[in-house]
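Engineer: Could you work out the structure for the sequence below:
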Amino acid sequence: MAKILLIEDDAGTAVEICLELTRHGHELVHARSGPEGSRMAQIAQPHLMIVDRMLPEDTGLEVVERLRATGCRAPTLILSALSALNDRVDGLRAGGDDYLGKPFALIELVARVEALLRRPANSRETFIHVGPLTLDLLLKQAWRTGRELDLLPKEFEVLAYLARRPGYTVTRSMLLSDVWGYRFEPRSNVVDVLMSKLRRKVDLPDEPMLIKNVRGNGYRLDCPS
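Structural biologist: Got it, this is the predicted structure:
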């Protein structure tokens, strides 16, 4: 059983959600406004939050941003009638972990709640900041000191893999297994070809080299603070 904080000002929607999640064995705490939800999050310490985007006084996104700033890491599902791509991205960037458009089926809400509760603690990650590099994991974009890097999808995956392990040597076998999904050594130099292209995009001639070739072992991302 999980303690779930629902921040929803529509009484009918709130009753339906509370009844359905209670039927699945969860404990529900209900707040009807942004400020009330912020206070109850600090008091109740919920395992998960469901936050309506359009709330009186404070918007749902403002509530989530404020709680994230105070250290609240509870996985959060944002509900909204605004379901365009940019709206979903805004919700995730504000600190949400999932986004469900209204109207929705209760069976889907329950499934999304259960999926969020299965995630390991502290698993949410939207941006990676390491040295002069910034990676947006939602939009699959990367920048070096403000310069956007024109990366292909697999190049972005490899850079993100390195950025999560700064200062550590990543072997070709690790990249083949974890990025390409190979369980065998292919008869090709696919890793070296991609790394050569990636290094040219990340490291311009007049910039310090960030991606190092560790001869005979693999590659390492060296990012000074």
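
Engineer: For stretch 131-138, output the C-alpha coordinates as CSV.
Structural biologist: The C-alpha coordinates for stretch 131-138 follow below in CSV (Å, rounded to 0.1, in the frame of the first residue of the first chain):
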residue,chain,number,x,y,z
GLY,A,131,31.6,20.2,-16.9
PRO,A,132,30.7,22.3,-20.0
LEU,A,133,28.2,19.7,-21.2
THR,A,134,24.4,19.9,-20.7
LEU,A,135,22.2,17.0,-21.9
ASP,A,136,18.4,17.2,-22.1
LEU,A,137,17.2,13.6,-21.8
LEU,A,138,13.7,14.5,-22.8
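
Engineer: quick one: average confidence on it?
Structural biologist: When pLDDT is averaged over stretch 131-138, the result is 87.

Engineer: what do you get for stretch 76-94?
Structural biologist: Averaging pLDDT along stretch 76-94 yields 85.

Engineer: buried sites along that stretch?
Structural biologist: Residues 76-80, 87-88, 90-92, 94 are the ones in stretch 76-94 that count as buried (16 or more other CB atoms under 10 Å). Glycine gets a C-beta too; all of them are placed from N, C-alpha and C.

Engineer: next one: that stretch to chain centre, how far?
Structural biologist: Relative to the chain's own centre, stretch 76-94 is displaced by 13 Å; criterion: CA atoms, centre = their mean, to the nearest Å.

Engineer: where are the low-confidence patches of this structure?
Structural biologist: 120-125, 183-187, 224-225 (pLDDT under 70).

Engineer: Where do the strands of this structure begin and end?
Structural biologist: Under the criterion DSSP state E, strands of the chain are mapped to 3-7, 27-31, 48-52, 76-80, 98-101, 127-130, 133-136, 141-144, 147-149, 169-171, 211-214, 218-221.

Engineer: which other helices and strands contact the third one?
Structural biologist: In this structure, strand 48-52 packs against strand 3-7, helix 34-44, helix 60-69, strand 76-80, helix 106-118, with contacts taken as 3 or more CB pairs under 8 Å, 6 or more residues apart in numbering; DSSP states H and E.

Engineer: okay, the buried residues of stretch 76-94 in TSV with distance to residue 35 next?
Structural biologist: Converted to TSV, these look like this (distance: CB to CB, whole Å):
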residue	distance to residue 35
76	17
77	20
78	18
79	18
80	19
87	23
88	25
90	21
91	20
92	23
94	17
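
Engineer: quick one: which of the residues you listed is nearest residue 169?
Structural biologist: Of all the buried residues of stretch 76-94, residue 92 has the smallest distance to residue 169: 32.2 Å, by CB to CB.
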